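Colleague: 3D model of this:
(one chain, ligands or ions: 1)
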Amino acid sequence: MQRLISGRCALALAITCAALATSAQARDKIEENNETIYLARDFVFVDSPAIEGYLRGVCKRLLDAKGVKSDVPNILVQSSDAFNAFTDAHGNLVISTGALRSLESEDELAALLGHELSHLILKHPQDKDAMRALPLGMETISSMKDAAAESQGRTDAQATSVLWSDFIAPTWNRKQEQEADENGFELMRAAGYDPSAFGQLFSKLQVAEQKRSERMQVLKKALVVRLREAAPVAKVQSVALSNSVTDTASEKLIDGLAAFNRSYESPDERQTQLAAYAREHREKKRAPRPETGFRDALQIGEGVAMLALDGTALSTLDAIARKNTAAAQTAVAPLGGETKQLSAHLNLALGSYEQAYGKPEAGAAAAEAWLQAARPPAQAFLWSASYKVKGRDYQGALDTLESGRKRVGDSTPFLPTLIATSRASGNMSLARDYTKECRSESSSMSDKLQSVVSKQPSQNTLYAECVRQLGEKPTEDAVTESVVGKARESVFNLLRKK
Ligand SMILES: [Zn+2]
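Modeller: Model (predicted):
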């Protein structure tokens with residue numbers, strides 16, 4: 001690659017060379033980080049050192065009480081109204097602001113964290129890597145949007161990220177859940193918390209799981225529809241038979257991708273099991289009750305102010321997505337004016353409102369301010385770049401996009417816009433260079449798998465989208481097409497044999 005670029009530089013103008021070199025250097029440095037899966041899927045994270053520090057402290061207390069030699073996970077506070085908390089294989093603990101708003105005591109929080117930490121401590125294997133199974137790609141993004149429209153009535157990034165977190169959260173079986181409850185109980189008791197808080201938590205989790213499983217069923221339906229359309233025509237006479245064969249195969253494949261059909265014990269059953277465990281494992285000595293910082297961290301001061309503003313921001317985005325001007329105007333009020341910006345992520349709601357109904361320049365400023373967040377997702381960079389393109393600052397836009405893909409650690413969300421922007425700036429050779437990159441991304445394993453779930457593989461891949469951004473018509477790509485065709489055939493044949 002380096003040789004190719006130097007060779008071309010000998011012929012091209014110096015300025016183009018510099019741009020090419022920059023893009024080549026940047027490319028070398030794009031490496032996934034442990035937050036990439038979230039940042040590339042537009043998760044919005046809250047910056048709140050106070051809340052993160054508090055949660056870290058409770059985790060540490062739970063781990064230390066039992067002498068567990070494991071690191072406290074990287075705490076990621078996700079801006080979402082869904083009740084969400086999970087640990088992942090990358091050392092993160094994701095907890096939603098919706099969960100933080102609904103917890104009523106540190107005991108309840110400790111029950112939640114104790115349970116999630118226990119999955120890590122007990123080394124419950126994540127036998128299904130959901131991200132490998134359903135990689136980020138044009139087609140997956142469309143399916144997520146279909147499902148978001150169906151389940152939430154909106155298709156913006158905030159709505160699709162709820163589905164992504166449903167999907168990313170690992171899936172455990174009943175036995176593993178029971179083990180995590182019991183181990184979490186032990187952690188709580190050793191740390192001096194009141195394990196009876198599990199009761200309240202179970203009821204909240206039950207409601208959250210019900211909602212999640214409804215959303216997952218909608219997503220599954222959207223994926224099955226796409227997969228069915230991608231299925232090769234079965235060599236059977238009856239159309240009805242052919243359809244039912246394909247439906248069964250599609251459903252099986254989707255179920256194989258992730259655990260869409262999950263069953264949970266009811267809160268009462270979990271409570272009963274845990275009570276039985278407690279009776280069998282009595283402890284005479286009670287650990288002293290810890291000093292709790294719950295009120296200070298989440299119920300008064302900056303923590304609660306931030307959680308309230310986050311709720312306001314979520315309502316604003318919801319109203320904008322539903323085109324409800326009056327509701328948006330009411331919701332956005334506390335975010336503007338004199339209010340101190342407690343977290344850079346609040347700029348998303350503020351700027352989206354300005355962009356839709358207010359002053360565009362205020363929107364541009366908000367997009368820029370969001371980039372100052374500790375964890376800006378792909379959409380923050382794309383948004384800021386879009387304002388720069390509008391102002392014809394193409395180089396500024398390209399720089400923003402380049403720094404975006406480096407920070408996020410994934411090129412997929414950025415390449416089509418990088419091509420469109422280089423093209424708008426008149427630098428076609430740079431645009432073609434980026435398009436080549438799409439091609440190599442498209443031949444990756446994840447894109448092949450991606451194409452299995454694709455309606456029209458040659459038209460709907462990242463590469464095809466990139467070629468369209470280049471202003472050309474995507475041609476049938478023989479290599480990609482045959483690879484995709486073979487992959488599809490083998491998957492369907494395998495499923496038919498079962
Ligand atoms: Zn669990």
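
Colleague: phi first, then psi, for the residue in the stretch 351-498 of the chain that the ion sits nearest to.
Modeller: The stretch 351-498 of the chain approaches the ion most closely through Arg375 (24.4 Å), counting by CB to the ion. The way it works is simple: take the backbone N, C-alpha and C, and place the C-beta from them, glycine included. With angles defined as degrees, to the nearest 10, Arg375 sits at phi -130, psi 70.

Colleague: surely it is in contact with Asn33?
Modeller: No. Contact criterion CB atoms under 8 Å: Arg375 and Asn33 do not qualify, at 10.0 Å.

Colleague: hang on, the earlier thing: and the residue of the stretch 351-498 of the chain closest to the ion, what does it touch?
Modeller: Neighbouring residues of Arg375 by CB atoms under 8 Å, 6 or more residues apart in numbering: Glu35, Tyr38, Leu39, Phe45, Asp47, Leu76.

Colleague: which non-adjacent residue is nearest the second one?
Modeller: Setting aside the residues directly before and after it, Tyr38 is nearest to Leu76 in space (CB to CB, 6 or more residues apart in numbering), at 6.8 Å.

Colleague: can you check the fourth one too?
Modeller: Nearest-residue entry for Phe45: Arg375, 4.4 Å, with adjacent residues in sequence omitted and distances by CB to CB, 6+ apart.

Colleague: and for the first one?
Modeller: Distances taken as CB to CB, 6+ apart put Arg375 closest to Glu35, at 6.1 Å, once the chain neighbours are dropped.

Colleague: quick one: name the residues of this structure near the ion.
Modeller: Within the chain, the residues that sit near the ion (CB under 5 Å from the ion) are Glu177, Ala180.

Colleague: any low-confidence regions in the stretch 251-400 of the chain?
Modeller: Across the stretch 251-400 of the chain, the ranges flagged by pLDDT under 70 are 251-263, 337-340.

Colleague: now it against the ion: closest residue?
Modeller: For the stretch 251-400 of the chain, CB to the ion, closest residue to the ion: Tyr264, 9.4 Å.

Colleague: that older thread, looking at the contacts of Arg375, which are in strands?
Modeller: Under the assignment DSSP state E, the contacts of Arg375 contribute Leu76 to strands.

Colleague: can you pull out the strands in this structure?
Modeller: Ranges of strands in the chain, per DSSP E, are 74-78, 85-87, 92-96.

Colleague: would TSV of those strands with mean neighbour count be doable?
Modeller: Output for the strands of the chain, formatted as TSV (neighbours: other CB atoms under 10 Å):
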stretch	mean neighbour count
strand 74-78	21
strand 85-87	21
strand 92-96	23
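
Colleague: mind giving me CSV with these and columns for mean pLDDT?
Modeller: Shown next, in CSV, are those (pLDDT from 0 to 100):
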stretch, mean pLDDT
strand 74-78, 96
strand 85-87, 91
strand 92-96, 95
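
Colleague: would you mind measuring from the nearest residue to Ala378 once chain neighbours are set aside to Ile141?
Modeller: Once flanking residues are discounted, Ala378 sits nearest to Pro413: 4.0 Å by CB to CB, 6+ apart. Distance of Pro413 to Ile141, computed by CB to CB, to the nearest Å: 9 Å.

Colleague: quick one: the helices in the stretch 351-498 of the chain, in order.
Modeller: Chain-ordered helices for the stretch 351-498 of the chain, with DSSP state H, counting those that start in this stretch as the definition, fall at 360-370, 378-390, 394-408, 415-424, 428-442, 445-452, 457-460, 462-469, 478-497.

Colleague: give the buried residues for the second one.
Modeller: By neighbour count, and taking 16 or more other CB atoms under 10 Å as the criterion, the buried residues in helix 378-390 are Ala378, Gln379, Ala380, Phe381, Leu382, Trp383, Ser384, Ala385, Ser386, Tyr387, Lys388, Val389.

Colleague: what is that helix packed up against?
Modeller: Packed against helix 378-390 by the contact rule (3 or more CB pairs under 8 Å, 6 or more residues apart in numbering; DSSP states H and E) you find helix 360-370, helix 394-408, helix 415-424.
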